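Q: Output the structure for:
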Amino acid sequence: MKNVLLICFKEFKGYFVSPIGYAVMALFALIFGFGFYTATRDMVQLGFRAQMMGQQQPMSVNDMVIRPLLGFAGTIALFLIPMITMRLIAEEKRTGTIELLLTSPVTDMEIILGKWLGAVLLYMSVLGMSVLNIAMLFLWGKPDIKPLLVAYLGLLLQGGCLLALGTLISTMTRNQIVAGGVTFFVALLLWLLQWFTAYGASPALQVINYLSIVTHMENFSKGVIDSKDVIFYLSFIFFLLFLTKRSMESLRWRA
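A: Numbering: from 1, shown residues only. Next up, the predicted model:
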């Protein structure tokens, strides 16, 4: 576990040696901030219209602002996660340090877990930028914090899946641009599977729909923790990290 943590913190610090860490956080903060402004503006306008029409029904901050915003955050992450994972192994292969890493007294799984957890830490830091906006809602309103925390848990699990996917793809090439591009297109496919099978009733389409990472985010966005969704995300992460280990073993064999 010590080796995993050492690799994890080394990888996390490495993001801020280059502009990648700052760029990802800045882009997320800018885009999410624009979405936050738009969502709160629309809610205020609807509130004024309701008052003018004599409607006194209270408006839910969670349903009108927080839930759409965190769903939007997951969409932004789809574009940013390839930037986080593209350098994990591909950079080591490009610079030639992969041989040093493979011959060091650490196991392949320690390397993989350390690098993946380093990427997860950066992803959590990116999501942390959204907390600054969400916190403002608690200053002027009374959102329900429990569904909010559940939604963030869902975003973390969903992000962990895409980060594991990017880690796997990063072991297959030495070109960071190729690793980032392939990760994006595969993640986009997993994202769109729900759209392709939304109205299908056949068992095959239902299985494909189940493989979509968006399908399992719906309950989290509503503040509901369903064991089948948690198991799916954890199993997905485990399977991809297992494939990454096999890919690393092939690198060691070829080295």
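
Q: Start and end of stretch 94-106, how far apart?
A: From its first residue to its last, stretch 94-106 covers 20 Å (CA to CA, to the nearest Å).

Q: Give me the distance from that stretch to the chain's centre.
A: Centre-to-centre, stretch 94-106 and its host chain are 27 Å apart (CA atoms, centre = their mean, to the nearest Å).

Q: Averaged pLDDT, that stretch. What do you get?
A: In this model, stretch 94-106 has a mean pLDDT of 76.

Q: go on, stretch 237-251?
A: 87.

Q: Only C-alpha atoms, please: export that stretch in CSV.
A: Only the C-alpha atoms of stretch 237-251 are listed here, as CSV (Å, rounded to 0.1, in the frame of the first residue of the first chain):
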residue,chain,number,x,y,z
ILE,A,237,-13.5,-0.3,-12.6
PHE,A,238,-12.2,-3.7,-11.5
PHE,A,239,-12.5,-5.2,-14.9
LEU,A,240,-10.8,-2.3,-16.7
LEU,A,241,-7.9,-2.3,-14.1
PHE,A,242,-7.6,-6.0,-14.6
LEU,A,243,-7.2,-5.5,-18.3
THR,A,244,-4.7,-2.8,-17.7
LYS,A,245,-2.7,-5.2,-15.6
ARG,A,246,-2.7,-7.7,-18.4
SER,A,247,-1.6,-5.0,-20.8
MET,A,248,1.2,-4.0,-18.4
GLU,A,249,2.3,-7.6,-18.2
SER,A,250,2.6,-7.7,-22.0
LEU,A,251,4.8,-4.5,-21.8
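
Q: Closest to the centroid, which residue in the chain?
A: Note on the chain: the residue nearest the mean C-alpha position is residue 159, at 2.2 Å, using CA atoms, centre = their mean.

Q: List the contacts of it.
A: 74, 77, 81, 120, 123, 127 (CB atoms under 8 Å, 6 or more residues apart in numbering). (C-beta placed from N, C-alpha, C; glycine too.)

Q: Counting neighbours, which of these comes out on top?
A: Neighbour tally across these (other CB atoms under 10 Å): the maximum, 26 neighbours, falls on residue 81.

Q: moving C-terminal of the helix or strand harbouring the residue nearest to the centre of the chain, what's the next helix or strand?
A: According to DSSP states H and E, residue 159 maps onto helix 145-170. Going down the chain from helix 145-170, the next helix or strand is helix 176-196, by DSSP H and E.

Q: packing partners for that next one?
A: When contacts are defined as 3 or more CB pairs under 8 Å, 6 or more residues apart in numbering; DSSP states H and E, helix 176-196 packs onto helix 67-85, helix 90-95, helix 145-170, helix 203-210.
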